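1. structure here, sequence nowhere to be found:
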């Protein structure tokens, strides 16, 4: 992508990120980045805001597994004007949960112009659950993954070019309460990543997950009182499919060649300071891509650039500094030349 300034903004899911650990609360930071960059590569965890997805038009919505493939150099991103979306819902919840899902889908059709080719239900409940780790982050397990795969395959047969998955994830309500009070990671996040990774790896299509809530969960979320501001999008209405459908509407497709954006087009990757252990950060070392590590965006992880002895890392105190660093990079200015004192050079 010649003469384009391309930045990736990545915040891992389920790690309790201070910014991006809630639904859509990293969107302002992402849009600030998008005001500087020509293209921003990001992922559902960063911009999904329940019914809201307010990411800028130049933000490319890429699922985590696909993002890993992109940074490994195994795939390129092909931009599209529109995707035909197939929706797959979990079996096993009350009518109220399905009513909310269908109303959300129809709202995105009639208000957002999103094209839905089918809405299918798995033949049996997937039995998906969140699992809390010793580090207080969350991962997930899916017991009946084959029933999900079969439903996705049928959606593709009916013309789906992208897949919106909505499963009922079993969580401990104590973890949800802690999350709403700003004292814990998103309990849904890890399981959502497992589901979307499974679907993306199997079919190679844009995919994202939205929790499908039971009658009790709908009541619980909408009667939680005044919650942490970052969780407010969930408390006002748990129409999670809304942001997913909006993101998938124009999500780029993965291709092996002929893409619009390749890994060597990326000029910088932005990550939380303690999340340097993932594939994008490690791939940045291979490809020589500068990493901006945002220190103020704390998480429960401890994979810092110092511990991993990483090169090409610029530490930013916060997203304010990140914006300045990006503006300098886009203009071809060494960000270090904006600091004082200036390092003296000597003749070797």
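-> Done, it's in. Predicted, not measured: the structure shown is a model, and the values here were computed from it.
2. quick one: the helices in this protein?
-> For the chain, applying DSSP state H gives helices covering 27-36, 44-47, 64-72, 95-112, 145-157, 173-180, 189-203, 215-222, 232-235, 241-249, 279-287, 319-330.
3. would you format those helices as a markdown table with distance to residue 269, mean neighbour count and mean pLDDT included?
-> In this view, the C-beta of every residue, glycine as well, is placed from N, C-alpha and C. Putting these into a markdown table (distance: least, C-beta to C-beta, whole Å; neighbours: other C-beta atoms under 10 Å; pLDDT from 0 to 100) gives the following:
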| stretch | distance to residue 269 | mean neighbour count | mean pLDDT |
| --- | --- | --- | --- |
| helix 27-36 | 11 | 20 | 98 |
| helix 44-47 | 13 | 27 | 93 |
| helix 64-72 | 8 | 22 | 96 |
| helix 95-112 | 30 | 16 | 96 |
| helix 145-157 | 30 | 18 | 98 |
| helix 173-180 | 27 | 17 | 86 |
| helix 189-203 | 18 | 23 | 93 |
| helix 215-222 | 33 | 16 | 89 |
| helix 232-235 | 26 | 21 | 88 |
| helix 241-249 | 20 | 26 | 97 |
| helix 279-287 | 5 | 18 | 95 |
| helix 319-330 | 11 | 18 | 97 |
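4. out of those helices, which is closest to residue 164?
-> Counting by C-beta to C-beta, residue 164 lies closest to helix 241-249 out of the helices of the chain; the figure is 5.0 Å.
5. can you list contacts of that closest one?
-> Residues outside helix 241-249 that contact it (C-beta atoms under 8 Å, 6 or more residues apart in numbering) are 23-24, 44, 47-53, 55, 61, 82-83, 85, 87, 101, 104-105, 107-108, 112, 114-116, 162-164, 166, 206-210.
6. can we see that at 7 Å?
-> 24, 44, 47-53, 61, 82-83, 85, 101, 104-105, 107-108, 112, 114, 162, 164, 166, 206, 208, 210 (C-beta atoms under 7 Å, 6 or more residues apart in numbering).
7. and stretch 304-324, by the same measure?
-> If you take C-beta under 7 Å, 6+ apart as the criterion, stretch 304-324 is touched by 29, 32, 36, 270, 273-274, 276-277, 284-285, 288-296, 325, 335.
8. now do stretch 104-118
-> Contacts to stretch 104-118, defined as C-beta under 7 Å, 6+ apart, come from residues 51, 82, 84-87, 119, 155, 158-160, 239, 241-242, 245-246, 249.
9. outline the domain layout of the chain.
-> 6-79+254-338, 85-248 (automatic domain parsing).
10. got those as TSV, with distance to residue 345 columns?
-> Listed next are those as TSV, based on distance: least, C-beta to C-beta, whole Å:
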stretch	distance to residue 345
domain 6-79+254-338	12
domain 85-248	43
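11. and those domains: which comes nearest residue 346?
-> Closest among those, using C-beta to C-beta: domain 6-79+254-338, at 16.8 Å.
12. and the closest one, end to end?
-> Separation of the first and last residues of domain 6-79+254-338 by C-alpha to C-alpha, to the nearest Å is 22 Å.
13. what does stretch 325-337 give?
-> Start-to-end span of stretch 325-337 (C-alpha to C-alpha) is 11 Å.
14. also stretch 121-139?
-> Length of stretch 121-139, first residue to last, C-alpha to C-alpha: 24 Å.
15. now for the closest residue in space to residue 57 that isn't next to it in sequence, how many residues are close by?
-> In this structure, residue 57 finds its nearest non-sequential neighbour in residue 250, 8.0 Å apart by C-beta to C-beta, 6 or more residues apart in numbering. By other C-beta atoms under 10 Å, the residues close to residue 250 number 18.
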